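S.K.: After the sequence you'll find the predicted model.
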Amino acid sequence: MTQWSDDIRLTNATGNSVTSINNSKCIASNGDTIHIVWYDLRDGNEEIYYKRSTDNGTSWEPDVRLTNSIGQSNYPAIFVSGLKVRVAWRDTRDGNYEEYYKQSEDGGNTWGSDIRLTNAQNTSSIPSIFKYGNFEYLVWHDYRDDPNGNVQAEIYFKFSTNDGSTWNNDVRLTDSPNMAENPSITVSNNIIHIVWADYRIGGAPEIYYIKSSDNGLSWSPETQLSNNPTSLASNNPCIVSSSSNIFVVWNDNRNFHGQIYFKKSSDNGMIWDPERSLSNDSSQSYNASLSCFNQQLHFVCYDDRNGYFKIYYQKSLDLGQTWSTELNLVDENTGGSSRPSLCISNHQVNIVWCDTRAGNFEIYYKKNPSGLVFTNNEVTNLKSFLLAQNFPNPFNPVTNINFGLNKGSHVILIIYDQIGREVSTLVNEELKPGTYETVWDGSNFSSGVYFYKIITEGFVATKKMVLMK
């Protein structure tokens, strides 16, 4: 079941508002709250901006300027863990690009001071950030070892063991005879996984991978993941993980046009399946952003098959074995859409990108509240029951409510009005493990806020919905 919202324009600035490339996630979420970051020229120079929604992307709070730099602040990356929001970016306030970091401990309500994380003689560029428990990890590419300045970069890494209060020294991870750039990081099962693009073979980059099982104190040998037989580039990788499953997507020009390639490992990066193309058309596809949830993978990229760059989406329900048909998410015929970033919250898929339909680059958002399909295999492996956000929301007059059970239980699903009065009971019966969908028809009810509540054996959850006539 698929139902995407209309495009929502999030910025209206005099200068360009731009998302980062795919290795630096621009969107993250926790529960009903979705957070995005981008860089913006409205103030005359590039600054980092932040915005959030606390109702699953239905409405958005005003833009918040996170930096006030005399230089250029750009390419932000965001990670969220509970109420802890972390943003990293590169900044020229000190004369050359350095890595900077900022944190919020209250879900984005307030922010701490900018923290400078690097002090290199040349450019430190394009960070990717991840938080795992009290540990925080940052990876980026850095020109400090290049005597010529900005020709040859290496991959650098650093970590914090105390929620970002203090950080260890920078660690150089690569020793490439040419260029190493655009790293992406994920952590799962206490293992750090990093990919990047490396020019060590010939004149074009290939995708490389390393991992650490001791919080970055030691690292595995490097593994070459891509095998591009041409002299054209494999670049801009994005890596995600779920338990022992590791997934990577990247841009690949081996067929003389941009395609998205995919590769996975089912054993924490020990053995990798053969690479495969996910975009077999003759157009140009770039900057795939990937997210996963249990057995499911979701990715977006931008593609020019219809004459303009538009955002395309695919999903897999079986850990990347099979994939859905590519779906164009942007119907607008003018302008260009690029640099999408994707996350999953409350079992809905959220996408943010930058778009020129208004004349200059602005930030746009859309969501699919039913984007995650509950398969029987997923429900069997769930740690608890699931209640999805209704869709559409707002609605008039009918909306759908999905829920999943990982074991048999007596289930009650009740609708309440805004002052807590019960107005309808949709489910009151014994159900087997599986996925279920029910419909509420609000034809006989007035516009306003309603709540739906599921009660099972050991699980209770409530979500908000809006009837708008």
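M.R.: Right, received. Where do you want to start? Because the structure is predicted, anything quoted here is derived from the model rather than measured.
S.K.: quick one: the strands in the stretch 151-300 of the chain?
M.R.: Ranges of strands in the stretch 151-300 of the chain, per DSSP state E, counting those that start in this stretch, are 154-160, 171-172, 180-188, 191-198, 206-212, 223-224, 234-242, 245-252, 259-265, 276-277, 285-293, 296-303.
S.K.: the inter-axis angle of the fifth one versus strand 191-198?
M.R.: Using axes from the mean of the first three to the mean of the last three CA atoms, to 10 degrees, the direction of strand 206-212 lies 160 degrees away from that of strand 191-198.
S.K.: gap between strand 206-212 and the chain center?
M.R.: 20 Å (CA atoms, centre = their mean, to the nearest Å).
S.K.: again with the third one
M.R.: Relative to its chain's centre, strand 180-188 lies at 13 Å (CA atoms, centre = their mean).
S.K.: same check, this time on the last one
M.R.: Mean-position distance between strand 296-303 and its chain equals 10 Å (CA atoms, centre = their mean).
S.K.: What helices and strands are in contact with the following helix or strand past it?
M.R.: The helix or strand immediately downstream of strand 296-303 is strand 310-316, counting by DSSP states H and E. On a contact count with 3 or more CB pairs under 8 Å, 6 or more residues apart in numbering; DSSP states H and E, strand 310-316 meets strand 296-303, strand 327-328, strand 337-345, strand 348-355. The C-beta positions use only the backbone N, C-alpha and C, and glycine is treated the same way.
S.K.: Parallel or antiparallel, which strands does strand 310-316 pair with?
M.R.: Paired with strand 310-316 in the same sheet, following DSSP bridges, are strand 296-303 (antiparallel), strand 327-328 (antiparallel).
S.K.: Deepest in the core, which of the ones you listed is it.
M.R.: strand 296-303 (a mean of 26; mean count of other CB atoms under 10 Å).
S.K.: Report how many residues lie close to residue 243.
M.R.: Using other CB atoms under 10 Å, residue 243 is surrounded by 12 other residues.
S.K.: swap in residue 178?
M.R.: Neighbour tally, residue 178, other CB under 10 Å: 15.
S.K.: Not counting its neighbours along the chain, what's nearest it?
M.R.: residue 199 (3.7 Å; CB to CB, 6 or more residues apart in numbering).
S.K.: For that neighbour, which residues are in contact?
M.R.: 176, 178-180, 205 (CB atoms under 8 Å, 6 or more residues apart in numbering).
S.K.: Just checking, which helix or strand succeeds the helix or strand bottoming out on mean pLDDT in the chain along the chain?
M.R.: For the chain, counting by mean pLDDT, DSSP states H and E, helix 376-380 ranks last in confidence among helices and strands (a mean of 49). Next helix or strand after helix 376-380 toward the C-terminus (DSSP H and E): strand 386-387.
S.K.: Give the partner strands of that following strand in its sheet and their orientations.
M.R.: strand 398-405 (antiparallel).
S.K.: Now do the strand it pairs with, average pLDDT.
M.R.: Strand 398-405 carries an average pLDDT of 82.
S.K.: And that strand, how far out from the chain middle?
M.R.: The answer for strand 398-405 is 25 Å, by CA atoms, centre = their mean.
S.K.: May I see the buried residues of that strand?
M.R.: By 16 or more other CB atoms under 10 Å, the buried positions in strand 398-405 come out as 399-405.
S.K.: Over to stretch 160-178?
M.R.: 160, 163-164, 167, 170, 173-174, 176.
S.K.: and of those residues, the nearest to residue 194?
M.R.: Nearest to residue 194 out of the buried residues of stretch 160-178 is residue 173 (CB to CB; 7.1 Å).
S.K.: What separation do you get for the residue found closest to the closest one once you drop the neighbours it is linked to in the chain and residue 127?
M.R.: Leaving aside its sequence neighbours, residue 173 sits nearest to residue 155 (CB to CB, 6+ apart; 4.5 Å). To residue 127, residue 155 is 11 Å away according to CB to CB, to the nearest Å.
S.K.: Identify the contacts common to the two.
M.R.: In contact with both residue 155 and residue 127: 139-140, using CB under 8 Å, 6+ apart.
S.K.: returning to that earlier point: what about the residue nearest to residue 178? Give its phi and psi, please.
M.R.: Geometry field for residue 199 lists phi and psi as phi -100, psi 20, criterion degrees, to the nearest 10.
S.K.: Distance check, it against residue 142.
M.R.: From residue 199 to residue 142 the distance is 15 Å (CB to CB).
S.K.: Likewise for residue 447?
M.R.: From residue 447 to residue 142 the distance is 55 Å (CB to CB).
S.K.: do the same with residue 74
M.R.: On the measure of CB to CB, residue 74 and residue 142 end up 16 Å apart.
S.K.: now swap in residue 264 and tell me
M.R.: 29 Å.
S.K.: of these two, who's got more company?
M.R.: The residue with more neighbours, out of residue 264 and residue 142, is residue 142; 26 against 21, by other CB under 10 Å.
S.K.: beta partners for the more buried one?
M.R.: residue 124, residue 154.
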